[in-house]
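Trainee: Next comes the sequence, and after it the predicted model I'd like to discuss.
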Amino acid sequence: VTERWLHQISDPLATISIQSEGMAAERLRLWFETLVQSKRKYAAEDPEMFAMYTAVTLESVDMIKSHIHNLILQVSRIIERGMQLLEFKSGEPELMANAMFIATSRFHHPAHAYEWSLSTIDQEFDAVWDLLLSGITR
C-alpha cells in the first residue's frame, strides 16, 4: 500500500523530469514545488496514510532508499539537461541532485511535517531555493 502511495508522489515528478521544453531552472523549481506540495497535501488530507508513510521511512529502509534514489535520478535528469543547455555549471548531475534533495529535506521529509504549517515556511523555501539555484547557475 505504501509503495503505491509513493508512486502517487513520484509519478507526477517523473513527468516533470522528462519534459524537454522550457528552461531547466523552471522545471527544477516545479519539480521541487510539486514534491513539497504533494507531501503537504497528503499530510493534511490523508493523515492516516501519511502516518503510515512516516513509519515506513523508519522501518522499510530498502523501499525508501529505492524511492529516494528514483527521485534523485529524476532531479539529475533535469540538472543534466540544464548543463546541456548551458544554464547550469558543469559537474556531476547525480551528486548535485542529491545535494539539492538533502538541502530541501526540511520541506518534504515527513520528520519535518510539524513545521510545514509555519507562516514563514514558503519564504524559507524561497530563500533556500535561491541559494541552491545560485550555486548551480552559470
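Mentor: Looks like it came in fine.
Trainee: How about the backbone phi and psi for the spatially most central residue of the chain?
Mentor: The chain has residue 32 as the residue nearest its centroid, 4.3 Å off, counting by CA atoms, centre = their mean. Per-residue torsions, residue 32: phi -70, psi -40 (degrees, to the nearest 10).
Trainee: Please give me every residue in contact with it.
Mentor: Neighbouring residues of residue 32 by CB atoms under 8 Å, 6 or more residues apart in numbering: 100, 104, 107-108, 129. The C-beta positions use only the backbone N, C-alpha and C, and glycine is treated the same way.
Trainee: Dump those to TSV, plus neighbour count and pLDDT.
Mentor: Listed next are these as TSV, based on neighbours: other CB atoms under 10 Å; pLDDT from 0 to 100:
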residue	neighbour count	pLDDT
100	24	98
104	18	98
107	22	98
108	20	95
129	18	98
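Trainee: How about the contacts made by residue 70?
Mentor: When contacts are taken as CB under 8 Å, 6+ apart, residue 70 is in contact with residue 10.
Trainee: pLDDT at it, what is it?
Mentor: Looking at residue 70, its pLDDT is 96.
Trainee: What residue in this protein is the furthest from its centre?
Mentor: Distance from the C-alpha centroid of the chain peaks at residue 86, with 22.4 Å (CA atoms, centre = their mean).
Trainee: mind checking which helix or strand of the chain has the lowest mean pLDDT?
Mentor: Each helix and strand of the chain was given a mean pLDDT (mean pLDDT, DSSP states H and E); the minimum falls on helix 47-59 at a mean of 78.
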